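Participant: Structure of the sequence below:
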Amino acid sequence: MIKNKKETTLSDCDEIDLKILKALQKDGRISNSQLAKEVNLSETPCWRRWKKLEEKGYIQEYKALMNRKELGYDVVAFTQISFLSHDVSLTDEFEKTIKNLEWVQMCHCLTGSVDYLIKMVAHDLDEFSERNTFIRHIPGVHSVQSHISVKEIKDSSDMPI
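Facilitator: Reported below is the predicted structural model:
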């Protein structure tokens, strides 16, 4: 029988822990006193549970989400990247380069006919073109196929808890 990942990874969390995780995912700046009210606990046990969830690694980090359009990033592109050779030194160098590019928001190594999928942002199409050309010139990259988003339907980092 295949176990549901949720059962396996959250098995040590009770209903209150899950409520805490959901509340923090919705608002990472919530105060402990407000969180305690939301999950119906007093402040000290709430704080202890919160810290325990951090220690277990369920909470990775706290960040502020930026509004890309307000910051002038009008172009979002999803780019598929393929390598001819899967030489480890080339793929390691590619991954190191991609990790250091602030305008690359996501990068995944894939199975199938494409090796990597990246999500990048740019202020305009000219800047996108420059960034796409930069990607094409990373050693080992054989082909690049980009898809520009024309409409954002959903963009979320929320986990289904």
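Participant: list the contacts for the residue of the chain positioned farthest from its centre?
Facilitator: Distance from the C-alpha centroid of the chain peaks at residue 42, with 32.6 Å (Cα atoms, centre = their mean). For residue 42, the contacting residues are residue 36, by Cβ atoms under 8 Å, 6 or more residues apart in numbering. (C-beta placed from N, C-alpha, C; glycine too.)
Participant: And it, how far from residue 59?
Facilitator: 21 Å (Cβ to Cβ, to the nearest Å).
Participant: Against which helices or strands is the helix or strand that contains residue 38 packed?
Facilitator: Here residue 38 sits within helix 32-39, counting by DSSP states H and E. Counting contacts by 3 or more Cβ pairs under 8 Å, 6 or more residues apart in numbering; DSSP states H and E, helix 32-39 is packed against helix 15-26, helix 43-55.
Participant: Minimum distance to residue 106: which of these has it?
Facilitator: The closest of the helices and strands packed on helix 32-39 to residue 106 is helix 15-26. By Cβ to Cβ, the value is 18.4 Å.
Participant: hey, C-alpha coordinates of the closest one in CSV?
Facilitator: This file holds the C-alpha atoms of helix 15-26, laid out as CSV (Å, rounded to 0.1, in the frame of the first residue of the first chain):
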residue,chain,number,x,y,z
GLU,A,15,-5.0,19.6,14.6
ILE,A,16,-3.6,22.6,16.5
ASP,A,17,-0.1,22.2,14.8
LEU,A,18,-1.8,22.2,11.4
LYS,A,19,-3.9,25.3,12.3
ILE,A,20,-0.6,27.0,13.3
LEU,A,21,1.0,26.1,10.0
LYS,A,22,-2.0,27.3,8.0
ALA,A,23,-2.1,30.6,9.9
LEU,A,24,1.6,31.2,9.5
GLN,A,25,1.4,30.4,5.8
LYS,A,26,-1.3,33.0,5.4
